[in-house]
Each structure stands twice: as C-alpha cells, then as structure tokens.
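[1] Show me the folded form of this:
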Amino acid sequence: MAGKIGKIAAVLLALLLVVPAYAMDAESIKEKYMRDKARLHSKHFGIVINEDTFDEAKEWLLASCDLAVASLTSIREKIENSNVTYPEVEELIDEINEHISDISAVREDIESAQTVEELKEAGRELKKEWMEAKVSLKKAIGLRWIYIMERVVGKTDEVNQRVQALIEEFQAQGKDTTELERWLEKYNEDMARAQEKLEKAKERLMELDTNWQVNRFLYMENKAMKSAFQYLKESHHKLMRIIKFIENQKTGSVELEGTGVLFAAGEGYARIEGDVKVLIFGNGTVTAPADSVVFATGFGDREENDGAVTYTGEGRILVKGEDITVTVEGNGLRIHAVGSGTVELNGTGVYKVKGFSIDTDGFVEDESAEEQVEQIEEIEEVEEA
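    All right, here's what the predicted structure looks like:
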C-alpha cells in the first residue's frame, strides 16, 4: 500500500513539473501562430531577408525606393498641370515633395546597410514612408473629385438664367409658370447646399492623416458623387416634363360629367360636385364641406361657416364624400379627382380625363398628361396624413 502511494505521489509530482513547461510551450506556440498568420497577410509573403538573400533584398528595396520616387514625381507633375487650382493643391505638392525627400533619405540608409538588421529596419522605414505618401496621393484624388463636382455646381448661374428666360417667355404668353418657378427655387437651394458641402469636404480632406481616414472619405465621396449625378439626371427630366407641360397649357373652359378620373393643372377656377374624392395642391382658396375634409396641410388661414370650411394660402387638401361640392381658385394648382359627378374648369392650364364626357371651349386635352392620369388613379390609395 505504501508503495502504491509513493508511485502516485511521484506521478503527481511529475505532472506538476510538466504543466508549467506545457504552459510556456503553449505561449510560444501561440506567438509563432500569430507571427505566421501576420506573415500570411503580408503582401511580401515568402520574402526572407537573411545573410543568404542580403544582396538581392537590398537591390529589391533600392528598386522599390526608385519606383516610389518615380511614382510620386509623375503624380506631382500631373497635379501641377491639372485644371485644379485650389490653394490646397500647393499644400499637397509640398507634402509630396517631403515624401520624395524622405524616401530618398531612406534609400541612402538601405544603400549603406551592412547588416541584416540594418536592412530590415530600413525596409520597415520605407514601408512607413510609403504608407504616409499614399495618404497624400489619395488626397489628390479627393480634390479632383471635389473639383469635378464644383464644376457641375458652377453651372447653376447658367441654368438659372436659361430657366428664368423661359419663365418670362411663358408668362408673356399668359401661362402659369408656378411649377417652373418652384423647380428653379428648389434647384438653386440644392446647389447652394451642395456648394457648402463641397467647401466643408475640402477642409475635412486636408485634415486627414491616415490611410483608413482617407479611404473612408473617398468611399463616402464616391457615394455622394453617384447620388449627385442621379439627382441632376432626375432634376433634368423633371424640368423637361414641366416645360412640356407648360407648352401644352391652353386658356378656356371645360365641363365634365359622368364617372371617371381627372387630372388638371394650371391657374384659374374649378368646381367639382358629386360623389368624389379630390386631392388639390397649390396656392389659392379651397372651399369644401367641413366634415368631408380628410386632411389639409400647409394653408395659412382656415375659416368655417355654415358647415363649409375655406382654406387660404399654399398647401394640399384631400376631400372625400357623397353629394359634395368643392371649389378652388388660384395658381400653381394641381387637381386630382376620381368619382361620379360634374366638373367645371375655367382658366389656363392642361387637363386629362378618363371616363367623363367632355364639353369644352378653348381647352385642349393634353395627351402628354397620360402619366399624370396613371398617378391620379392611385388616389384611391391615398391615406389620411
């Protein structure tokens, strides 16, 4: 029995001696694993600098320095000869010149290296200097993108003059230009905000000093550029639709009767009677039964009298009911109606209907408003705001 106890004690003692040694080996294994993992992610995996590869490694590092300097010099010349004339360009050129000088100094260290450790240290310094140089080069790309966007925004005055001339021409013809004026006002506001954002973007860009920061900046600016060009494309298409819309405006009157769908836009007077749902946008005066108003937003004044309510100002209103009467007078009006009854229109504008019988004097039905009718048919889905 005593012999068995002695053997067990000996085994336990051996285990106690082994565990610390195993723990030390585990730390060493983990360290080697992390080192190998980092090496796998290195762009120079497989390149070893030791006594056997010393001369070849030095030549490779010297060639890398020469390539880095040549690249920086080439890009500097392109920046100097570009159309980008921001004051920040001079700051970038100074940064690039500093990087060229620093990399040239590292080249001297590589050339004078006598030991493996000196060569490795110079190689690490070269990598650090190149990473810093890349920040400046990416800033140059960022400035060029900002410059492109500023050239686009810079056309605001030209667009403004051309659209303003159109507005005056249409007004001389007695046509309602409210939608065109609204488009121009929004366009100018959007371009002014874009200019402010571009100025701030330049400031932010020049403050960046790490690759991560500048990469993030370029990613966001790329998204912003795509969004901006999409906005300009959509805005242009909308402008063309508004111009075509105004060109088709006629002055006169029209009476509708029956069941159907109506879209009308322009300035003047409209009266809608029957079992209808009516959505009106614009600036003027709208009168409807108070208990039939689903919602009314944006109007400045509201007055109720004998069960009828009158809204005055600019806004939108949805009215729905049976055997109701809705009247509206103003400019920049857009009327969407669906249901059964009669409609009277007087003024200058365009209209499109489906289903109603038409009696008109002066007005010409606008075929270009077909897409508007498709939108109007969705009025059935309009919910209370």
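[2] Please spell out the segments of the chain that come in under the pLDDT threshold.
    Under the criterion of pLDDT under 70, the regions of the chain flagged as low confidence span 1-25, 39-47, 359-385.
[3] what about the one residue sitting closest to the centre of it, which helix or strand?
    Nearest to the centroid of the C-alpha atoms of the chain, with distances taken as C-alpha atoms, centre = their mean, sits S227, at 3.4 Å. Under the assignment given by DSSP states H and E, the secondary-structure element containing S227 is helix 211-247.
[4] just checking, next helix/strand downstream of that helix?
    Remark: after helix 211-247, the chain's next helix or strand is strand 250-289, criterion DSSP H and E.
[5] Which helix or strand lies directly C-terminal to that next one?
    Going down the chain from strand 250-289, the next helix or strand is strand 293-297, by DSSP H and E.
[6] same for the helix or strand following that next one, what does it pack against?
    Towards the C-terminus, the helix or strand next in line after strand 293-297, according to DSSP H and E, is strand 301-305. Other helices and strands packing on strand 301-305, by 3 or more C-beta pairs under 8 Å, 6 or more residues apart in numbering; DSSP states H and E, are strand 308-354. In short, each C-beta sits where N, CA and C put it, glycine included.
[7] strand partners of the strand it packs on, parallel vs antiparallel please.
    Sheet partners assigned to strand 308-354 using DSSP bridges are listed as strand 250-289 (antiparallel), strand 293-297 (antiparallel), strand 301-305 (antiparallel).
[8] Mean neighbour count for those strands - can I get that in JSON lines?
    Converted to JSON lines, these look like this (neighbours: other C-beta atoms under 10 Å):
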{"stretch": "strand 250-289", "mean neighbour count": "20"}
{"stretch": "strand 293-297", "mean neighbour count": "15"}
{"stretch": "strand 301-305", "mean neighbour count": "10"}
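[9] From the recorded domain assignment, give the ranges for this protein.
    In the assignment given by automatic domain parsing, the structural domains of the chain cover 1-44, 47-247, 251-381.
[10] out of those, deepest packed?
    Of all those, domain 251-381 carries the top mean neighbour count, a mean of 18, counting by mean count of other C-beta atoms under 10 Å.
[11] ok, I110 to I103 distance?
    To I103, I110 is 10 Å away according to C-beta to C-beta, to the nearest Å.
[12] hey, what's in contact with both of those two?
    Contact criterion C-beta atoms under 8 Å, 6 or more residues apart in numbering; residues shared by I110 and I103: C65, L126.
[13] Hmm, T178 and F245 touching each other?
    No - between F245 and T178 there is no contact under C-beta atoms under 8 Å: 11.0 Å.
[14] In terms of helices and strands, where is the residue nearest to L126 when sequence neighbours are not counted?
    Spatial nearest neighbour of L126, chain neighbours left out: V106 (4.9 Å); criterion: C-beta to C-beta, 6 or more residues apart in numbering. Using DSSP H and E, V106 sits in helix 87-112.
[15] tell me the angle the following helix or strand past that helix makes with helix 87-112.
    Per DSSP H and E, the first helix or strand lying C-terminal to helix 87-112 is helix 116-153. Angle between the axes of helix 116-153 and helix 87-112 is 160 degrees (criterion: axes from the mean of the first three to the mean of the last three C-alpha atoms, to 10 degrees).
[16] ok, now which ones touch A140?
    Shown here is A140, whose contacts under the criterion C-beta under 8 Å, 6+ apart are I75, I79, L92.
[17] of the residues you listed, closest to T115?
    Within those, the smallest distance to T115 is 34.1 Å, found for I75 (C-beta to C-beta).
[18] Excluding covalently adjacent residues, which one is nearest to the closest one?
    L137 (5.9 Å).
[19] Relative to A105, how far out is the one you found?
    Using C-beta to C-beta, one gets 19 Å for the distance from L137 to A105.
[20] swap in T297?
    In this structure, T297 and A105 are 68 Å apart, going by C-beta to C-beta.
[21] now do T325
    Separation of T325 from A105 (C-beta to C-beta) stands at 88 Å.
[22] Same question for N305.
    Using C-beta to C-beta, one obtains 88 Å as the distance from N305 to A105.
[23] now do W60
    Applying C-beta to C-beta, the value for W60 to A105 is 19 Å.
[24] name the element L166 belongs to?
    Secondary structure assigned from DSSP H and E places L166 in helix 156-172.
[25] Tell me the helix or strand right after that helix.
    Using DSSP H and E, the next helix or strand after helix 156-172 towards the C-terminus is helix 178-207.
[26] Pull the contacting residues for the nearest residue to I358 once chain neighbours are set aside.
    Taking C-beta to C-beta, 6+ apart, and ignoring the residues beside it in sequence, I358 has L256 as its nearest neighbour in space, at 5.9 Å. For L256, the residues meeting the contact criterion (C-beta under 8 Å, 6+ apart) are L262, T342, V343, E344, L345, V353, F356, S357, I358, D359.
[27] Alright, calling it a day.
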